[in-house]
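Asker: Prediction below, plus the sequence it came from.
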Amino acid sequence: MPDLFDTGAKEPSKMQPLADRLRPKTLGEVIGQEQVLGPDSPLGVMLASGALSSLIFWGPPGVGKTTIARLLADETDLHFVQISAIFTGVPDLKKIFDAARMRRDNGQGTLLFVDEIHRFNKAQQDGFLPYMEDGTILLVGATTENPSFELNAAVLSRAQVLVLTRLSLVDLERLAQRAEKDLGRNLPLDPDARAALLEMADGDGRALLNLIEQVSAWKIDGKLDTESLGKRLMRRAAQYDKSGDSHYNLISALHKSVRGSDPDAALYWFARMLTGGEDPRYLARRITRMAVEDIGLADTHAHRVCLDAWETYERLGSPEGELALAQAVTYLALAPKSNAGYAAYKNAMAAAKKTGSEPPPKHILNAPTKLMKDQGYGDGYAYDHDAEDGFSGQNYFPETMKRGVYYNPVERGFERELKRRLDYFTKLRAKR
C-alpha cells in the first residue's frame, strides 16, 4: 500500500490515488509531528547542524514515518533505500550493504529505511551494527511496537528514538482541506458528518484520504448527514494488538482508572479493550487482581464481586456475561482503596528472603517426642484463650530477629476497623 506522505520522482496525475497525489515534497508540508519536525525538535536541530544520526521512528500507522524518512534523504543528499523486515532476508541485506559500501567509496551516503524493523530477529539486527558504525549506512527504522521491548540494546544505543503520534482532529481537518483543494470541490457532508468522517480515520492520515476518495466519488445531491454517511461507510477498526503495546497501554489505563476511583474512565478503557477483541477472561483475571492489590481488606466484598462476575461470564458467555464484568469494574472503582495488604505481603517476602533459615522461637514449637521436650520445645508457651482478653502478647518472630511491622492499614473502608483492632493489640502487647 502506498505511504500517505511518500515522495516520488513522478509528477502526480489525476489517475493516481489521492494519497499518492498529496505526498509532501518537503518536510515543511508534512502535517502533524511538530514535536519531531519543529525547529527546536530533535530532527530540526540535527538538520540545522548538518549532523543526522541513525533514527528509530515509533508510532502508529499512517502518521508519516516513511514520508519523513524519504524527505530526510532528500534534505541530506543521501541515496534512499527502502526495505521491509517482513520480506527481506539475510542475502538481500548483504546485497544492500555491498551496494551502500560502493556508494560510500564513490562519495555518496545511503539512508536505509527499514519498515517494521522490529520484525528482524536479534541476529539480523546485529548485522546492521558494523555498517552503522563505519558510516556505510544511516539507519532509519520504523516500528509500531515499543522499541524498548522489540529492538536490541546495541541498535538502540546507536540510534535516537523519535515518537510519532496519531494525527489530531485538527491535523486531519487540514489534510481534508488539502484533499478538497486537489479534488476541486468540497465534500458533500454537513458539519456533523464531516466530523464523523474525521473520527472514522482514527488518527490515520492515509485512512482518511482513502475515505475521502470514496466519498468524493459518490453521485449525490445536497449534503449527507451523519446517519447517511454511516450507512455508506464502515467505521475503521480501532488499532489494537492483543499481544502488543496497545494491550499493555490499555490495561494500564483501566487499572489506574480503577485505582483512581473513576468509574467512567474505567468503563471506557474496559469497553475499548472489548471492542479491540480482548479476551473477556483476561479482563476477568485482571480486575480480580485489582481487587486484591488496590482494595484488599478495605472492602472484603470486592474480591467476591469479581469472582462472581467471572463465574457469571463463564456461564453466560459474550456479550451478556460482559455486563457482569462491567459491573465489577464499576464496583471496584467506587470501593475504598488500600494497598496495605499488598504492601504487607511484599514487606514480609523481603524480610523472609533476608532472614533465610531463622527457626521459630522454641516456645511456639510443638513437642510430640521426649527429645523435643528435653530441647525446650513448647516451654513457656502461653495459650491465648486462657490469657486475659484472649491475648498473651508473646513473641512469635525468630528470637534473633527484631519484631517486624509489615501491615499498616489505612483509615478507609473496613480497614478502619482492622486498624482499630491492630492498635488495640499493639497497646496490649506493650503492657505485657
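Answerer: Cool, got the structure.

Asker: contacts, neighbours, all on C-alpha from now
Answerer: Noted.

Asker: List the contacts of Thr26.
Answerer: For Thr26, the contact set (CA atoms under 8 Å, 6 or more residues apart in numbering) comprises Leu71.

Asker: could you pull out the strands for this structure?
Answerer: Per DSSP state E, the chain carries strands over the ranges 55-58, 79-84, 110-115, 138-143, 160-163.

Asker: would you put the C-alpha positions of the third one in CSV?
Answerer: I take that to be strand 110-115. Output of strand 110-115 as CSV, limited to C-alpha atoms (Å, rounded to 0.1, in the frame of the first residue of the first chain):
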residue,chain,number,x,y,z
THR,A,110,22.9,5.8,1.9
LEU,A,111,19.8,6.3,4.1
LEU,A,112,18.5,2.8,4.6
PHE,A,113,14.8,2.9,5.7
VAL,A,114,13.7,-0.4,7.4
ASP,A,115,9.9,-0.6,7.8
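
Asker: hmm, back to that, return the most buried member of the strands of the chain.
Answerer: strand 138-143 (a mean of 25; mean count of other CA atoms under 10 Å).

Asker: Please identify the pairing partners of that one and their relative orientation?
Answerer: Here strand 138-143 is paired, per DSSP bridges, with strand 55-58 (parallel), strand 110-115 (parallel).

Asker: Next, the angle strand 79-84 makes with the last one.
Answerer: Taking axes from the mean of the first three to the mean of the last three CA atoms, to 10 degrees, one finds that strand 110-115 is oriented at 20 degrees with respect to strand 79-84.

Asker: what's strand 110-115 in contact with?
Answerer: Contacts of strand 110-115 (CA under 8 Å, 6+ apart): 66, 69, 73, 78-85, 100, 103-104, 136-143.

Asker: if we can go back for a sec, can you list the strands paired with strand 138-143 in JSON lines and add distance to Gln16 and mean pLDDT?
Answerer: Output for these, formatted as JSON lines (distance: least, CA to CA, whole Å; pLDDT from 0 to 100):
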{"stretch": "strand 55-58", "distance to Gln16": "27", "mean pLDDT": "94"}
{"stretch": "strand 110-115", "distance to Gln16": "23", "mean pLDDT": "95"}
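
Asker: In TSV, list those strands along with distance to Tyr268.
Answerer: Shown next, in TSV, are the strands paired with strand 138-143 (distance: least, CA to CA, whole Å):
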stretch	distance to Tyr268
strand 55-58	25
strand 110-115	32
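
Asker: Quick one, which of those gets closest to Leu254.
Answerer: strand 55-58 (23.3 Å; CA to CA).

Asker: can you give me how far the closest one is from the chain middle?
Answerer: Distance of strand 55-58 from its chain centroid, counting by CA atoms, centre = their mean, to the nearest Å, is 17 Å.

Asker: same deal with stretch 214-230?
Answerer: 36 Å.

Asker: Walk me through the domains of the chain.
Answerer: Listed domain ranges for the chain are 18-163, 169-232, 245-334, 355-431 (source: automatic domain parsing).

Asker: roughly how far out does the first one sit from the chain middle?
Answerer: The offset between the C-alpha centroid of domain 18-163 and the centroid of the whole chain comes to 23 Å, using CA atoms, centre = their mean.

Asker: Same check on the third one?
Answerer: Centre-to-centre, domain 245-334 and its host chain are 17 Å apart (CA atoms, centre = their mean).

Asker: Spell out the residue ranges of the helices in the stretch 151-300 of the chain.
Answerer: 153-157, 169-183, 191-200, 205-216, 226-232, 245-259, 263-275, 280-290, 300-316 (DSSP state H, counting those that start in this stretch).

Asker: just to revisit the earlier point, looking at the strands of the chain, which is nearest to Gly356?
Answerer: Here strand 160-163 is closest among those (CA to CA), at 43.7 Å.

Asker: ok, residues contacting that closest one?
Answerer: Contacts for strand 160-163 (CA under 8 Å, 6+ apart): 36, 42, 53-59, 147.

Asker: Out of those residues, which comes closest to Lys181?
Answerer: Among those, and counting by CA to CA, the member closest to Lys181 is Val36, at 26.6 Å.

Asker: Neighbours of the closest residue to Asn186 other than its chain neighbours, how many?
Answerer: Once flanking residues are discounted, Asn186 sits nearest to Glu180: 5.4 Å by CA to CA, 6 or more residues apart in numbering. Using other CA atoms under 10 Å, Glu180 has 16 other residues around it.

Asker: one step back: got the helices of the stretch 151-300 of the chain as a markdown table, with distance to Pro359 and mean pLDDT columns?
Answerer: Output for these, formatted as a markdown table (distance: least, CA to CA, whole Å; pLDDT from 0 to 100):
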| stretch | distance to Pro359 | mean pLDDT |
| --- | --- | --- |
| helix 153-157 | 45 | 91 |
| helix 169-183 | 65 | 94 |
| helix 191-200 | 65 | 91 |
| helix 205-216 | 66 | 91 |
| helix 226-232 | 71 | 86 |
| helix 245-259 | 39 | 88 |
| helix 263-275 | 46 | 93 |
| helix 280-290 | 33 | 95 |
| helix 300-316 | 33 | 95 |
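
Asker: Out of the ones you listed, flag the one nearest Gln375.
Answerer: The nearest among those, by CA to CA, is helix 300-316 at 42.5 Å.

Asker: roughly how far is stretch 355-375 from the heart of the chain?
Answerer: On CA atoms, centre = their mean, the centre of stretch 355-375 falls 51 Å from that of its chain.

Asker: Which positions in that stretch come out as buried?
Answerer: Judged by neighbour count using 16 or more other CA atoms under 10 Å, the buried positions of stretch 355-375 are 361-365, 367.

Asker: How about residues contacting that stretch?
Answerer: So stretch 355-375 is contacted by 376-381, 396-401 (CA under 8 Å, 6+ apart).

Asker: Tell me how confident the model is about that stretch, as a mean pLDDT.
Answerer: Averaging pLDDT along stretch 355-375 gives 86.

Asker: what's the span of that stretch, first residue to last?
Answerer: Its first and final residues considered, stretch 355-375 spans 23 Å by CA to CA, to the nearest Å.

Asker: Check stretch 350-361 too.
Answerer: 20 Å.

Asker: Just give me how far it sits from the chain centre.
Answerer: Distance, centroid of stretch 350-361 to centroid of chain: 38 Å (CA atoms, centre = their mean).

Asker: if we can go back for a sec, list just the one of the helices of the stretch 151-300 of the chain that sits closest to Lys353.
Answerer: helix 280-290 (23.9 Å).

Asker: Report the buried residues of the closest one.
Answerer: Within helix 280-290, the residues scored as buried using 16+ other CA under 10 Å are 280-281, 283-284, 286-290.

Asker: Indicate which one of the strands of the chain is closest to Pro17.
Answerer: Once those are compared by CA to CA, strand 79-84 is nearest, at 20.9 Å.

Asker: ok now do Ser54, which residues does it touch?
Answerer: 132, 138-140, 158-160 are the contacts of Ser54 under CA under 8 Å, 6+ apart.
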